[in-house]
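1. Generate a structure from the sequence data that follows.
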Amino acid sequence: MPKQEKGENIEPIATNRKARHDYLITDTIEAGLALEGPEVKSLRLKQATLVSAFARAERDGLYLYGLHIAPYAFNTLTALDPLRTRKLLLKRQEIKRLTSAVETKGMALVALELYFKRGWAKVLLGLAKGKRTADKHESIKKRDIDREMRREFREKFKG
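-> Numbering: from 1, shown residues only. Just a heads-up that it's a prediction; the model follows:
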């Protein structure tokens with residue numbers, strides 16, 4: 001979750017827990033989403049999944065692919081595709097920086113979290129590099145060792 005500043009209310013919608021397991025996240029950036037009205041209402045009901053969401057640079061900006069927003073039940077407008085491509089709202093300099101970073105071999109922009117911040121839908125993107133299977137095992141082993149050390153530390157100073 002992004003760092004919450006004083007007076008900000010951040011309402012989480014969805015998280016991509018598998019992304020931190022499959023990728024090594026080197027940098028994160030917050031981006032706005034260009035959405036239609038029924039999509040916002042569906043997000044308010046927390047009906048979204050980020051499992052396979054990623055961003056790709058195109059000629060006029062960054063676009064988010066694979067974000068599934070369930071259709072709003074009371075929609076009176078034309079039906080929207082739940083997996084449609086959505087434009088990411090970023091400053092021009094940020095788009096250039098991320099585009100050049102993604103062009104390096106093995107880097108990708110992965111959606112980590114989706115949330116409302118001050119009433120606006122935001123997505124937290126991670127500049128990621130894919131992990132190999134051995135790296136994943138090492139991450140799990142390190143997490144288990146840290147958990148064991150914390151438990152022993154607690155028991156030592158508790159009694």
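2. Can you list phi and psi of residue 36 for me?
-> Phi and psi for residue 36, reported as degrees, to the nearest 10, are phi -90, psi 160.
3. State the pLDDT value of it.
-> In this model, residue 36 is scored at 87, pLDDT.
4. Neighbours of the closest residue to it other than its chain neighbours, how many?
-> Once flanking residues are discounted, residue 36 sits nearest to residue 80: 5.8 Å by Cβ to Cβ, 6 or more residues apart in numbering. In short, each C-beta sits where N, CA and C put it, glycine included. Other residues near residue 80 come to 17 when the count uses other Cβ atoms under 10 Å.
5. what residue lies at the spatial centre of this protein?
-> Nearest to the mean C-alpha position of the chain, by Cα atoms, centre = their mean, lies residue 112 at 2.0 Å.
6. who touches that residue in this structure?
-> 15-16, 19-20, 25, 28, 50, 124-126 (Cβ atoms under 8 Å, 6 or more residues apart in numbering).
7. ok, 6 Å please
-> By Cβ atoms under 6 Å, 6 or more residues apart in numbering, residue 112 lies in contact with 16, 19, 124, 126.
8. Next, give me the two most distant ones among the residues you listed.
-> With Cβ to Cβ as the measure, no two of the contacts of residue 112 lie farther apart than 19 and 124, at 10.1 Å.
9. Name the spans of this structure whose pLDDT lies under the cut-off.
-> Residue ranges of the chain with pLDDT under 70: 1-7, 134-135, 159.
10. Now do the strands in it.
-> Ranges of strands in the chain, per DSSP state E, are 10-15, 23-33, 48-49, 54-58, 61-65, 68-69, 86-89, 107-117, 120-130.
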